[in-house]
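Asker: Provided below for reference: sequence and predicted model.
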Amino acid sequence: MLAPISASLLLHRTSASTDIFAPVSTPAQSIFELSLFVMGITACIFVVVGSLLVYSIVRFRKRKADDGREPAQVYGSLQVELAWTIIPVLITLVLFLATAGHRARSTSPSSATSSGGSIATLASMW
């Protein structure tokens, strides 16, 4: 139900100045690109996990011909344990490096004053 609504919102954007899908500043554009990258990775994870779940439900469902016995229990598979340890570590590392790289580029002191301008601040008490 939410998918058609969100698709409609994406397709029929207004030209308002607060549109989150049309960033106008340099940091906003790079943050938007980083968020799309992260969303792409999470979407891939969602599709893989969902597909494996549907496959398992269909493949290993209970059938009328089953005699009620449990299948043979297998304990300890080095390949499976390595896979479900290494893959999440690699995903986390990629997301960390992408975020850290973006943060390093957007908060470098030289980028704020590279145009030769100065930053003036004004504080007031309400």
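Answerer: Everything's here; your move.
Asker: quick one: Leu34 from Leu97, how far?
Answerer: From Leu34 over to Leu97 the distance is 11 Å, taken as Cβ to Cβ, to the nearest Å. C-beta: built from backbone N, CA, C; applies to glycine.
Asker: so for those two, which sits in the more crowded spot?
Answerer: Counted by other Cβ atoms under 10 Å, Leu34 and Leu97 do not tie: Leu34 has more neighbours, with 17 against 10.
Asker: and the more buried one, backbone torsions?
Answerer: phi -60, psi -40 (degrees, to the nearest 10).
Asker: how about low-confidence regions in this protein?
Answerer: 1-18, 20, 107-117 (pLDDT under 70).
Asker: how about 80 then?
Answerer: 1-26, 71, 74, 106-120, 126 (pLDDT under 80).
Asker: helix or strand for Thr42, which one?
Answerer: helix 26-59 (DSSP states H and E).
Asker: what helices or strands is that helix leaning on?
Answerer: helix 78-106 (3 or more Cβ pairs under 8 Å, 6 or more residues apart in numbering; DSSP states H and E).
Asker: let me know the angle separating the helix it packs on from helix 26-59.
Answerer: Calculated by axes from the mean of the first three to the mean of the last three Cα atoms, to 10 degrees, helix 78-106 forms an angle of 160 degrees with helix 26-59.
Asker: distance between helix 78-106 and the chain's centre?
Answerer: 12 Å (Cα atoms, centre = their mean, to the nearest Å).
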